[in-house]
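A.B. asks: Pasting a predicted model and its sequence here:
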Amino acid sequence: MSLSSVFNIAGSGMSAQTTRLNTVASNIANAETVSSSLDQTYRARHPVFATMFQGAQSGGSGSLFQNQDAAGQGVQVLGVVEDQSNLEARYEPNHPAADAKGYVYYPNVNVVEEMADMISASRSFQTNAEMMNTAKTMMQKVLTLGQ
């Protein structure tokens, strides 16, 4: 693996964490929205990540540990899924959005968990940015070796 591939790997991590931050922002923004039916109520969304592995090399190395030797080439976002946990139904007959039985439905968003997820995504993004800076510094040092 070359030093220049660090930029692609860290870039894919930063892109994935951006998607994660966007879903967290959407969840927090909709945390207190209400609906008069279960079908129309906002459900929390979460991104699904997967590791991208290095493709098979021509000729093959013949290693007994070929699967374990596969180097990660970054992360990809497979999609964003809705949380299927139960929604919160509150009896509020005077609420304008109440259904015929007097219930209002709130999203299944836990703001405390979303804030922790936001901090984690932010730290991961910062770590990937630091990796890129370190790789840049190392490449600049390599260029000065001949001086």
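C.D. replies: Happy to help now that I have it.
A.B. asks: Low-confidence ranges, the chain, go.
C.D. replies: 1, 54-71 (pLDDT under 70).
A.B. asks: mind listing the helices for it?
C.D. replies: Along the chain, counting by DSSP state H, helices occupy 5-29, 66-69, 111-143.
A.B. asks: residues contacting the residue positioned nearest the centre of the chain?
C.D. replies: With distances taken as Cα atoms, centre = their mean, the residue of the chain nearest its centroid is residue 20 (3.2 Å). Taking Cβ atoms under 8 Å, 6 or more residues apart in numbering, we find residue 20 in contact with 47, 117, 121, 124. For every residue, glycine as well, the C-beta is placed using N, CA and C.
A.B. asks: Just list whatever residues bridge to the nearest residue to residue 103 once chain neighbours are set aside.
C.D. replies: For residue 103, ignoring the flanking residues on the chain, the nearest one in space by Cβ to Cβ, 6 or more residues apart in numbering is residue 89 at 4.9 Å. Counting by DSSP bridges, residue 89 is bridged to residue 105.
A.B. asks: could you list every residue that touches residue 89?
C.D. replies: 103-106.
A.B. asks: Most neighbours out of those residues, which is it?
C.D. replies: residue 105 (22 neighbours; other Cβ atoms under 10 Å).
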